[in-house]
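Visitor: need coordinates for the below:
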Amino acid sequence: MYPGKTFGLLAFLILQVCPFETTANWSGWSEWSMCSKSCDGGLSNQKRRCYGNINCAGPGVRYRHCNTRPCSGYLLNDNARICNVHNSVGSTSAVREWSPISEQTYPCFVLCHDLSGNTPNEIKTDKEDGTKCSSAENFYCIQGECKRLGCDGEVWSNKVIDGCGVCGGDGSKCSTNATRPQFYWQLDWSPCSVTCGTGHQESIIHCMNSRTKRRTMDYFCDREIRPSDLTGECSPSDCPPRWEISSYGRCSVECGGGIQRRNIRCVVGTGRANLITVGSYQCPDPIPITEKACNLNFCPASWQTGKWSQCSVSCGIGTQTRSLTCVKFPTHGIEINVSHSECFGARPETTRACSLEACFKEFFSVPSIVVDNSTFLQTQRMKKVYLNVGGKAILLPKQPVKIRCVVKNMDSRLIFWTKDDRLISVSPYKRVHVTPKGVLKIKRTDPNIDKGTFTCMAGIEKASTYITFQTKKKAVKVAKSMMKHVLQEVPSLDKPQSDKIPGSHDHLRSLGGNSSTLAEYMVSDWSACSRSCGAGVQTREVTCGVFSDKFIKIVSVKHCEHQKKPVNIKKCLLQDFCPQWDVDKWGECSVKTCKKVGKAVQRRAVYCTNGNGTVIRRSKCQNVPVPTGSRECDNADCKVEWITSKWTKCKPHCTPRGKKFRSLSCVWKRTQKFAYSQCSSLPRPQAWKPCKSNCKKECHDHSRYCSLVGRLKMCRYETFREKCCQTCKRVTE
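Guide: Below is the predicted model of the structure:
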C-alpha cells in the first residue's frame, strides 16, 4: 500500500472513529478562584467541564487551602456577623436587621430571622467554604455542607499526607537515616519595636519544607507540636537624650486672652521604659516652648452695679438708687465701659423703694394707682398730648406730652418716675422732668431718646406707659385702615379741625378728644372658616375706640355700651360633607391565609367616602389617617410539614461513592402551599444519601469501521480499543 494512500486512509479512520472520544472528555482546569476567606483558612478551587453525552471519570472541581493565617479582632464564624451581611438588603422602604435564631446546631449554615418583622422574615445563609465543621480531621464546609476533603483536593477523598509529606503515600519514600520530617516548625523573631532603648519583639513561626528549605503552608506541619507564640525584650542601642513634653494644660482664662502651659524636661532612657532627668544642655536645640496664648476672643459685655444709696427720705416711703454700667474686657486685666445695648441678659434694677418710720402717726390706707389700659394713636400734631399712666402711646415726633399718675391714698408729692429703670429728675429745667404734683412732663419728644417704658412708682405700687413713635404719613395710613371697620360715621382725617381740647381733665383729656366725641365699636376682618368641610366658625375681633381728626384711642369696651355690640363669631360651611374612611367587616381567619405557625391573616375592605356613603377616589382621603386593612388572627390549623420528592438515580454512574438526591419543601398541611422558612423548628429530612452504582462494561464495536482498525493494527491505542472493543479483543486473541 502506498504511503499517501495509507495516510489518507488513517485520516479517514480517525475522523470516523474519534468523534466518539469527544463525547466524554474533560476540558482543561480553570485558574484558581479567589480564596473564600481572608484568614483562618479558606478554600480556592479549580473547575473543568465534561464534554460529551456520558459522565466523565473523576471530579469536576478540586480544592486547595488558602489564607491559613489566624484571624485577629473577631471570630470569622460568628453567626451574628454572618446574618448582619443581609442587613438592609432586599427592601427599599425600610431598614432590615437580621439576627441568628438561637440554639442552632447546623455546622455549615446559619438560619437568620428579621427583627423588624418584615416578610420574608427568615433566610438560610451558608458559612464560608473552608470553615471547619467537625472535630474529625479534614472535614470542611463546602457549599453549605460538611464534607471530607482529601489532600488531593477531591471531596470525600480518603487521601492524607503521610510522614514523608506525600499525599496518599504510605511513608515508604522517607529516608531511614533522616533526622527530621519533611515539614517542621521554624521560629524567627520580628524586628525590635524600637530603634534604641528597650523594646519588645514577637516570635514568627513558619512551616518549613526540609527538602526545599522554603516556607510552605501551615497545613503541612503538625499543629500538635507547634511552638507557642513568644514575646521578648530587645535593646538595639542606647537612646540619646531627648525632650519629654507634656500636653498643654487648661487656659488661664475663658476669654480675653490667657496662657496655656506645659512641662518639658530633658531625659535619657535607662532600659525597660525607665527615664532619668539630665541637664537641658544635653538635649538638641531648639528648646520646645512651654507657654502659648489661648482664648483670644473678646469677653462678652456684662452688667456691673454699684452700692445702693441711702434712702431718699428720712421718714415714710422713699427710694434708693445705684449705678449700673455695661463693662467689657477686651484684654485680660483691662476694663472699659460700653453701651448698654451690648449687654445681654436681665437688666439689674437701679431703683428700689425703701421704707422708714412713718412721718405721721395716723393710719394710712395702702396706696393704689388708677391705670388706664388704653392704646393712643396720634395722627395729627397737637398743642399738647394728655395721657394717664398705663397702656401704650404711639406719638408723632417733637410733641409736648404730659402723663398723669392718679394715686389714691397717697400724697402726689411722694410720686416719682423712672425711664427704663433710671430715675427721672424733678428739676423743671430738664427737658424730661417730674412736676411737684407727680406729673411726668416731656417738653419736646425725641424718638431716639424717649422711646421706652415710663414707670410711675407710689410706695410699693407701680404702673407703666410704653411710648413709641411713627411718622405722620404712616400714622394716617394706619388710622384710615382702622376706620374702614368703624360701624358709625367719624370725622375725616383729611379735614382740618380745631386743636382745642375742651372738657374735664379727668375723663375727656384721658380720652384725648372733644366732648362731642363718642366711642364707637370697631371690628376686624372675618377669619377664615375653622374647617375646610362640614360646619365651622369664623371669628373677628371687636374693640371700642374713640376717633377724632387728631388721634384714635382704643379704650375699654365699657365706653361703647351705648351701642349694640357687633357679633364676633358666625357659622360657616365650605363643603357639606367631609371625606372619611369606611371599612367592611373583617373576613374569615382562613387556613388559606396562613402566615406563621398558628397564625393567619384577616382582611377587610377599606374605601374612601364623602360621609353619606358614596365611595369617592382614595386621594380625597389622603389627609385622614387610613384604618388598617389586615391583621393577624389565631388559627390552630396553620401547621407546617416537610414534603420530599423521589430519590434521583445514583450519580455519577459506575462509581462506588455516588449520591442520591431529593428536594425538600416546607408547606402548609391543609393547603400544601409553600410555607418557606416556617419549618425551621421541625427536624429537617435528609436531602441526600450515599449510594453505589456498579456496572459492567460490555465489549462492543461502536463504529462500522472497526474492521479497518483491526487490519491497520490500531488497537495498540486506547481510544481505538474502547471504540472497537470486540474487534481488538478478537485481534489480540
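
Visitor: quick one: E224 is in a helix?
Guide: Yes. Remark: E224 belongs to a helix, assigned using DSSP: H, G, I helix; E, B strand; the rest coil.

Visitor: burial check on it, number of neighbours?
Guide: Counted with other C-beta atoms under 10 Å, residues neighbouring E224 total 5. Where C-beta positions appear, they are placed from N, C-alpha and C, glycine not excepted.

Visitor: start at 4, not 1
Guide: Got it, first residue is 4 now, which makes that one E227.

Visitor: mind checking which helix or strand of this structure has the lowest mean pLDDT?
Guide: The weakest-scoring helix or strand in the chain, judged by mean pLDDT, DSSP states H and E, is helix 511-514 (a mean of 37).

Visitor: C-terminal to that helix, what's the next element?
Guide: Per DSSP states H and E, helix 511-514 leads on to strand 522-526 as the next helix or strand towards the C-terminus.

Visitor: partners of the following helix or strand past that following strand in the sheet?
Guide: Using DSSP H and E, the helix or strand that directly follows strand 522-526 along the chain is strand 538-542. The strands beside strand 538-542 in its sheet (DSSP bridges) come out as strand 572-576 (antiparallel).

Visitor: which stretch of helix or strand covers the nearest residue to I164 once chain neighbours are set aside?
Guide: If the residues on either side of it in the chain are set aside, I164 comes closest to C154, at 4.9 Å by C-beta to C-beta, 6 or more residues apart in numbering. With elements taken from DSSP H and E, nothing contains C154; it lies in neither a helix nor a strand.

Visitor: just list the residues touching C154, thanks.
Guide: Contacts for C154 were tallied using C-beta atoms under 8 Å, 6 or more residues apart in numbering; they are 141, 160, 162-164, 170-171.

Visitor: what's near enough to touch G713?
Guide: By C-beta under 8 Å, 6+ apart, the neighbours of G713 are 727, 730-731, 733-734.

Visitor: mind doing that once more with 6 Å?
Guide: By C-beta atoms under 6 Å, 6 or more residues apart in numbering, the contact set of G713 is 730, 734.

Visitor: pull the distance from the host helix or strand of it to the chain's centre.
Guide: Using DSSP H and E, G713 falls within helix 709-714. On the basis of C-alpha atoms, centre = their mean, to the nearest Å, helix 709-714 sits 82 Å off its chain's mean C-alpha point.

Visitor: tell me how far the helix or strand harbouring S668 lies from the chain's centre.
Guide: Here S668 is covered by strand 667-671, with elements defined by DSSP H and E. What separates the centre of strand 667-671 from the centre of its chain is 40 Å, taken as C-alpha atoms, centre = their mean.

Visitor: and if you look at stretch 231-241?
Guide: 46 Å.

Visitor: other residues contacting that stretch?
Guide: Among residues not part of stretch 231-241, those counted as contacts by C-beta under 6 Å, 6+ apart are 195, 198-199, 201-206.

Visitor: low pLDDT regions in the stretch 504-653 of the chain?
Guide: Counting by pLDDT under 70, the stretch 504-653 of the chain has low-confidence residues at 504-520.

Visitor: buried stuff in the strand holding S668?
Guide: 669-671 (16 or more other C-beta atoms under 10 Å).

Visitor: one step back: from the contacts of stretch 231-241, which has minimum pLDDT?
Guide: Across the contacts of stretch 231-241, the bottom pLDDT score, 72, is held by T201.

Visitor: would you mind measuring the gap between the ends of stretch 312-331?
Guide: 25 Å (C-alpha to C-alpha, to the nearest Å).

Visitor: and it, which residues are buried?
Guide: Within stretch 312-331, the residues that qualify as buried by neighbour count (16+ other C-beta under 10 Å) are 314, 319-324, 327, 329, 331.

Visitor: before we move on, back to that, check which helices and strands the strand holding S668 is in contact with.
Guide: strand 643-647 (3 or more C-beta pairs under 6 Å, 6 or more residues apart in numbering; DSSP states H and E).

Visitor: and the strand it packs on, which strands flank it?
Guide: strand 667-671 (antiparallel).

Visitor: what's next to the strand it pairs with, contact-wise?
Guide: Counting by C-beta under 6 Å, 6+ apart, the neighbours of strand 667-671 from elsewhere in the structure are 597, 643, 645-647, 677-678, 681-682, 688, 690.

Visitor: just checking: what are the partner strands of the next helix-or-strand element following that strand?
Guide: Read in the C-terminal direction, the helix or strand following strand 667-671 is strand 691-696, with elements assigned using DSSP H and E. Applying DSSP bridges, strand 691-696 is found paired with strand 658-664 (antiparallel).

Visitor: what does the strand it pairs with rub up against?
Guide: Contacts of strand 658-664 (C-beta under 6 Å, 6+ apart): 159, 650-651, 653-654, 691-692, 694-696.

Visitor: by neighbour count, which of those residues wins?
Guide: Greatest neighbour count in those, by other C-beta under 10 Å, goes to C653: 19 neighbours.

Visitor: tell me the spacing between that residue and C694.
Guide: 4 Å (C-beta to C-beta, to the nearest Å).

Visitor: and for S684?
Guide: For S684, the distance to C694 under the criterion C-beta to C-beta works out to 30 Å.

Visitor: now, which of the buried residues of strand 667-671 sits nearest W188?
Guide: Relative to W188, the closest of those is C669; by C-beta to C-beta it sits at 49.4 Å.

Visitor: distance check, the closest one against C592.
Guide: When distances are taken as C-beta to C-beta, C669 and C592 turn out to be 21 Å apart.

Visitor: for the stretch 404-553 of the chain, just list every one of the helices.
Guide: For the stretch 404-553 of the chain, the helices identified by DSSP state H, counting those that start in this stretch occupy 450-453, 475-486, 511-514, in order along the chain.

Visitor: what sits up against the first one?
Guide: Read that as helix 450-453. Contact partners of helix 450-453, identified using C-beta under 6 Å, 6+ apart, comprise 400, 472.

Visitor: can we see that at 8 Å?
Guide: Residues outside helix 450-453 that contact it (C-beta under 8 Å, 6+ apart): 400, 422, 435, 445, 470, 472.

Visitor: picking that back up, just the buried ones from the contacts of strand 667-671?
Guide: 597, 643, 678, 681-682.

Visitor: save the contacts of stretch 231-241 as CSV, and put in secondary structure, distance to W32 and neighbour count too.
Guide: Written out in CSV, the entries for these read as follows (DSSP: H, G, I helix; E, B strand; the rest coil; distance: C-beta to C-beta, whole Å; neighbours: other C-beta atoms under 10 Å):
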residue, secondary structure, distance to W32, neighbour count
C195, coil, 45, 18
T198, coil, 49, 10
C199, coil, 53, 14
T201, coil, 53, 19
G202, strand, 48, 17
H203, strand, 46, 12
Q204, strand, 43, 17
E205, strand, 39, 12
S206, strand, 38, 14
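
Visitor: just put those in CSV and tack on distance to A304.
Guide: As requested, the contacts of stretch 231-241 are exported to CSV (distance: C-beta to C-beta, whole Å):
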residue, distance to A304
C195, 60
T198, 56
C199, 56
T201, 57
G202, 56
H203, 58
Q204, 62
E205, 61
S206, 67
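
Visitor: helix, strand or coil for the residue nearest to N615 when sequence neighbours are not counted?
Guide: Excluding its sequence neighbours, the residue lying closest to N615 (C-beta to C-beta, 6+ apart) is F580, at 5.8 Å. Put simply, F580 is coil when judged by three-state DSSP.
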